[in-house]
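here are the coordinates; sequence isn't available:
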C-alpha cells in the first residue's frame, strides 16, 4: 500500500469519473465507478483509484494516458439510466466523465490531498478500501460485487461501507507521509 503515499500533498487539476457501463443493473450501488485524478505535477497522466479486479478486495492505483473520448457531467445520469435499461451489449468500453467543473466536486478539484486512510476490517491486515481526504471533502472508494464504488460528501451516498460493517468492525489506518 506504499503506492498511496505518492498521492499525499498532490494538487488535483482535473477529476474524472471512470465507469464500466452498468448494463442491466438495477441499483446505483451496482455501478462500477472509480475516480481518476489528473495532478498538477503530472498533467498527462490519469491516476485511477479502484479495486483490484484480480481479488475484488484490494484497493489499487493505475495510471493511464488522459482519455481522448470523454463525456460531460451533464451526460452522467442520462447515460447510466440508459445503460441500466439496455439489452444491447455492443461497443461496451470504459467511459470517462470529466467532472472537473461540477459543483458536487468543488471540494476536491483544485484541492490538495491532505491525508489518506486505508479502510480495513479489525484483525485483517489487508485493506478493502481507501479514503482520500481534502480540506473540503473526501472520496471513499470501496469494492462492490462488480468492481468498485465511490462516494463523496455530495455524490453517490450509497453507504456501501455499511455492507462491511455487517462482517466486522471497520478501522481507518492513516497512510504516513513519505517524507
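Alright, I've got the coordinates. The model shown is predicted, which means the values in this text are computed figures rather than measured ones.

Please name the residues that touch residue 62.
Contacts for residue 62 were tallied using CB atoms under 8 Å, 6 or more residues apart in numbering; they are 47-48, 50. All C-beta spots, glycine's among them, are computed from the backbone N, C-alpha and C.

Can you tell me which of those residues lies closest to residue 111?
residue 47 (14.7 Å; CB to CB).

what about the closest residue to that closest one other than its chain neighbours, which helix or strand?
Residue nearest to residue 47 in three dimensions, not counting chain neighbours: residue 37, with 4.6 Å by CB to CB, 6 or more residues apart in numbering. Following DSSP states H and E, one finds residue 37 within strand 32-39.

Next secondary structure element downstream of the top helix by length along the chain?
Using DSSP state H to define each element, the chain has its longest helix at helix 76-85. Downstream of helix 76-85, the first helix or strand assigned by DSSP H and E is strand 95-98.

quick one: strands adjacent to the helix or strand following that following strand?
The first helix or strand that comes after strand 95-98 along the chain, using DSSP H and E, is strand 115-121. Using DSSP bridges, strand 115-121 pairs in its sheet with strand 129-133 (antiparallel), strand 170-174 (antiparallel).

Which residues does strand 115-121 contact?
With CB under 8 Å, 6+ apart as the test, strand 115-121 has contacts from 1, 4-5, 7-8, 59, 126-133, 140, 142, 161, 164, 167-175.

low-confidence ranges in the chain?
Filtered on pLDDT under 70, the chain yields the residue ranges 87-90, 177-179.

same thing but 80
1, 87-91, 177-179 (pLDDT under 80).

sorry, back to before: can you count the residues close to the residue nearest to residue 47?
Residue 37: 24 surrounding residues under other CB atoms under 10 Å.

which residues sit in contact with it?
By CB under 8 Å, 6+ apart, the neighbours of residue 37 are 7, 10, 12, 14-16, 46-49.

next one: residue 175
By CB under 8 Å, 6+ apart, residue 175 lies in contact with 1, 4-5, 8, 115-118.
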